[in-house]
Every structure is written in C-alpha cells, then in structure tokens.
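# Please find the sequence and the predicted model below.
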Amino acid sequence: MNFEEYAGKRILAQDGLAVPRGRLAQSAEEAEAIAVEIGPVVIKAQVPAGKRGKSGGVKVADTPEEAASCAEDILGMMIGGYVVERLLVEEKADIAREFYAAVLDDPASRGPLVMFSTEGGMDIEEVADSHPEAIRRASPGIREGFDITAAAGMLAGLDVPAATAGFLADLYRVWRTRDAELVEINPLAELRDGRLVALDCKFVLDESSAFRQPDIAGWGAAERMTRLEQRGRDLGLKYIELDGSVGVLANGAGLTMTTMDVIAHFGGKPANFLEIGGEAYTKATPALELVLANPGVKSLIINFCGAFARTDVMAEGVVKAWLELRPNLPAFFSIHGTNEDEAVRLVRERLGFEPYDRMEDAVRAAVEAAR
Amino acid sequence: MILHGSDRVLVQGITGKQGTFWTEQMQAYGTNVVGGVNPKRAGEIHCNVPVFATAEEAAEVEPVDVAVMFIPPAAALAAAEDACRAGVRTLIILTEHIPSHDVMRIHAAARESGTRIVGPNTAGLVTPGECFVGIMPAFNDRVFKPGRVGVISRSGSLGTLVCLNLVAEGMGESAFIGIGGDPMVGTTSRDALAAFEADANTDAVVLVGEIGGAMEEEAAAFAATMTKPVVSFIAGAASPPGKKMGHAGAIVMGNRGSYASKRAALEEAGVVVADTPAGIVEALRQGGRTVH
C-alpha cells in the first residue's frame, strides 16, 4: 500500500523525525495562504507516482503570489496517470548537502535492510551504477533491532553530520513499529543551519499488516481502478481489467498467469486477470459475473486445477452464475484436481459443455472462438 | 524436504474446518499424523490423535519431525515460534498474508532452532504413494503417481496441473515440493533442486517458477552444476507489469525478476524452458537437455 509524500511525512512527524513545516492545499488560494504564513515555499504535487520533479510537479515559490500561480499550474496536471488534486506546500529548505536513507524488506536475507548513500537526490539505482562506494548497507536481525550504535558503525568513515546515525536508528524504528515494507528518504538534507530534515518520503505499508496499523492504514493512496476493478475489490476478488477478448476464470495466481500466457501463446489476448485462489474459491458465482461484465469478452476459458480449492465447489458456482445470466458466449473448460469427477459431471449435465482434457486445447479453442 | 512415510507429523490448528478436512485426507493417504495443537482443546482426541496445548508439549510426548500450520495470519508467528521451540525439523506454513515483519521473525526463530521452513503460502509437500503434508490432492491418482520426476512449484494450482500432465503421459513423481508464493520463503527453488539432485529416487526435475523475485535466477546457477536434467516453465510472460517495486527494492533485486531474465538465466544453465505447461512433458521425453 503506497502512501503519498504528505502521508509518509505525517507518519515521520508523529514519530519524531524532522520534516519541513507545511500543509496540504487543494487550491491556489490555500497555497497562497500557506506561503503568507511560512514564507518561501516548495509546492509539490501529491500523487502516488515517481518522477514528480521531472514532470514539472514540483516548483519553488518565493512569494505568496508566486505560490498561487505555481499551484494553479500544477493542480490538474497528469502525472504517472494520476490527476493532481492536492499539493504539499512546505517551507523552502536551505540545503547544504543531500543524502539518501532507506529501510526495507529484503527477500535475500529474509530480514530488514538499512541503506544509506552520500549521493542523495538521485535514483539509488543510478548511484549503484556510478558510485557504488557511496552506498552503505546493513542487515540487522529483526529481533535484535538497529540502534544508534549499529547505525554509527554502518556509517563509519563517511563524511556525514553527527546526527545521521540517530536519524537512521529513528527511521528503522518507523519501519519496524509501522509495519512498513519500505520507508525511503530521498533526499535526506543537511541544512545550512546544521539540521537533518527529510525532504521527501516514500512509505509503503505491508498490506498484510494493515489490520494492525489502524491509525495509518486509511492514509494509503487510493489505487487507480476501473469500475469493474472496484467491483472486484468490493467482492474481495483480485480482478485486473485488460484489453483482450478472452475472459479468464481460473483458481490460484500461478494457474491464472499461466492461462493468460497460453492465451498469448496461441495468439489471443486475455480480457482480465482474475484468480479465485485460497479461500476465495467459493466465490465463483460473483467472479464469473465480473468476467462477463466486461463488454470486450468474446469467449471464456474456465481453467480449474484444484488442490486446496475444490473443483466441484467452483464448478457449482460457475453453473449457478451461468444459469442466472445465460450469457450468449462460447465457454471452454478444463477441470482437474480435487473432486474433478463431480465438477465435470456438473458442467456436462447442467451446462452441456464437455471439458477438455488438456488445458492447452481448451485455451486454443477459446482463442479461436474469440476471433 | 522430501517427506517419508515414517515422518511424525503434528498439525497445528487441527480442530478447525480446514485442519480437520486435510488431516483426514493426510491420514487416509498414509501420513503418520501423531497429534494436533489447539490450546483450547488440549486433552481431547481429534481425528483419532491427541490434541496438545502447544507443539512443545506434543514434542515432550514424542519427537515431531514435521509440523504443518492451519493457522490464520495474525496467529502464525506465535504458532511458528512454538513449533521452533519444540525442535520441529521441518515446519510447513500454508498461511498466506502473514504480516511481513512476522515472517522475518519466523525465519529468525527457525535459524536459531535449526528448523527448515517450507513456505509461507505453500501448498505443501507430497511423496506419492507414501505421504503428503499440506493441501495438495495427493490422493488423486491422475495427479500423483510414484515415479522418478521431482517437481518444484511456487504455485499449488499450477503445480497440480504440471503433475497431472506428467501422470497423463505415463510418468510419475518422486516428490512434489511446494515452495510457496510469498516473497520471503524459507525453502527456495535452489534448495529444492539440491534436494532432488541428492535424491536417489529422482532422475529429472521440473521447476515451475513465476515472475518476481530472484529465486529462478539463483536456481539456474545451481542447475548449471547438476548431473540431472532440469525442465522449467515460468508463469507470467503475458502478465501486465505488476505492483511496482520501490526504488530501493529494485536495487536489491538488481534487474532480476522479469520473465526474460529468468528464462535467459535458466537457458544459459542448460535448462529447457517450455512455452506452455504441456511443453514440459515433451522436453522430459527428449531427455530434458538442451542440444548444443
């Protein structure tokens, strides 16, 4: 779950880390009022996408009038597919040096990874290529944690302000107590007056932890979703609308991706991603309704390979939806795994479809029928 | 991580609906289930085995080789730590959506106790004709038959399909190892390849991967050193770009994780990568080797 900069900074501020003074504005008037209050400001588009600066979504304003006109320019811009509706207006920092700091989940060590670079303000990938020696890494044990002594050890030999170790230990504490997947500060600025301030913040909450972070879970950025995708989410289904013509209903993420791959292999295009894996296998009826609601669907592939998911339960759900909606579409089935005999019988007797033995044959038929 | 019929299995969460259903299936198949865990039902008999308050208590009665968790995400950490304290050799975590920091703590506990974690988010392990632990349809003889092909899969449903194809073509499996679909799994594809390379009952290995992460690339480096042929299928070639990694995440992964990267790494290691699941069987028939 991605957080926009202002929401990430709100968490940092609550947890005692230094961020610039500022507030959200939704109009030129509001931006102007904030500038009157705090002086020269930076106005930053709030969208859950990168490259805001390069897209023209970040501007400096020295006077309230400039703030109003910059805000006017940025509001309504399209950045990374998002329309800018909100601005973060905050005090302009008097920067001496810029660093990079991050704490994140690391699959390689199955634990946290703390990163620091003396080259702030640029993409960390670029730094890794051009100045690998500028990057320091530490992999603390999650049960031991990462304190100021550990941070000082990690930074040893680098020319950085004394407060940097404390900042890194604090950042680790934010990552840990807030169940973050990633908290990245780029740039972390040393100001001319010596203070260390987080000028930007990318915060990603681990979605599986949202239930135990009720204070901040609601601050996540709204995902861009189509009407059908929103309906899928409301039903608790992972549905992604695509621009193809073969509707897909399969169980399990791996099998669903594979079904899409095989559609592409035979020259077709999938109309959606939709898996009813795990406990969701009992939701075949709303799932099929969702697939059929996409007007681009010309044929259907229903591919079940049940392990945990009982194919008879899924087939029953499909039969129910089909008899309710009676779609005027060709459908092609491949059904195998737990309780497949009963599932095949249901599809054969109730719908009159004969499931294919090989899923490749069912997919190929669905692709041909969609032409 | 290849199960044997003699392995003593403990089911954490045995009294729940899924725990009960799958324990019965495991027992019917021949798995040596020696007990279950549910603190509220300790002292009872469920599925013909004793229920204990903790895995530790169960292990005091009789050592446990394998524990399997039918436990919801929020309770997974405590259950896993209990299994590790009990000295369980292999812990199979079926649970999906465990908070990621809890997953890290589970791995830390397992390192300390020397426990092998399989999963999280795995469908489990099967040794056809002997036993299974997890939620795979081992009892379906169109999917699982004793044979000499080792199968490794991140996905339960896709693994089931691949096994089905093998059996339909007259082959069988020496074992199925479900790796799990989570980003931080305890047993990697590489670990599973190493187990099959050392297994006297395995002649060839099928590696079913997915886009994302770097496991297939690491497995490829090991496959290059193996004496047994490896055939692979990687799901996700046609998937739209998924959730974008944060910048810092991207650097950890380097440029690895894409379909193209995985396929190239595997092919370079001499692994045949099939275009569709059915292509796996074809490749095995031809010896599973790339002709140079």
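Yep, that arrived.
# What residues does the residue in chain A that chain B sits nearest to make contact with?
Using C-beta to the nearest C-beta, the closest approach of chain A to chain B is made by A:G254 at 2.3 Å. For the C-beta atoms, the positions are set from N, CA and C on the backbone; glycine is no exception. Each residue near A:G254 by C-beta atoms under 8 Å, 6 or more residues apart in numbering or on different chains is listed here: B:S153, B:R154, B:S155, B:G156, B:S157, B:L158, B:G159, B:G181, B:V208, B:E210, B:A235.
# Tell me which residues touch the fifth one, please.
Looking back up the chat, that one is B:S157. Neighbours of B:S157 in contact, by C-beta under 8 Å, 6+ apart: A:A250, A:N251, A:G252, A:A253, A:G254, A:L255, A:G277, A:C305, A:G306, A:A307, A:A309, A:G337.
# again, but for the second one
For B:R154, the residues meeting the contact criterion (C-beta under 8 Å, 6+ apart) are A:G254, B:G178, B:I179, B:G180, B:G181, B:S189, B:V208, B:G209, B:E210, B:M215.
# ok, now which ones touch the nearest residue to the first one once chain neighbours are set aside?
Pointing back at A:G254 there. Nearest non-adjacent residue to A:G254, counting by C-beta to C-beta, 6 or more residues apart in numbering or on different chains: B:S155, 2.3 Å away. Taking C-beta under 8 Å, 6+ apart, we find B:S155 in contact with A:G252, A:A253, A:G254, A:L255, B:A123, B:G181, B:V208, B:E210, B:A235.
# Kindly recompute the last result at 10 Å.
A:252-258, A:277, A:305, A:307, B:121-123, B:161-162, B:178-181, B:208-210, B:235 (C-beta atoms under 10 Å, 6 or more residues apart in numbering or on different chains).
# measure B:A200 to B:I152 for me?
18 Å (C-beta to C-beta, to the nearest Å).
# Ramachandran angles for A:F99?
Torsion angles at A:F99 (phi, psi; degrees, to the nearest 10) stand at phi -120, psi -180.
# does it really touch A:A189, like I thought?
Yes - using C-beta atoms under 10 Å, A:F99 is in contact with A:A189, at 7.6 Å.
# okay, and the common contacts of those two?
Joint contacts of A:F99 and A:A189 (C-beta under 10 Å, 6+ apart) are A:G120, A:G121, A:L196.
# Burial check on the second one, number of neighbours?
Spelled out, that is A:G121. Neighbourhood size, A:G121 [other C-beta atoms under 10 Å in any protein chain shown]: 18.
# got the contact list for it?
A:G121 touches A:53, A:95, A:97-100, A:127, A:186-189, A:199-200, counting by C-beta under 10 Å, 6+ apart.
# Also the last one?
Under the criterion of C-beta under 10 Å, 6+ apart, the contact partners of A:L196 comprise A:17-18, A:97, A:99, A:101, A:160-164, A:166-167, A:185, A:188-190.
# Please list only the buried members of those residues.
Neighbour-count burial (16 or more other C-beta atoms under 10 Å in any protein chain shown) applied to the contacts of A:L196 gives A:17-18, A:97, A:99, A:101, A:160-161, A:164, A:166-167, A:185, A:188-190.
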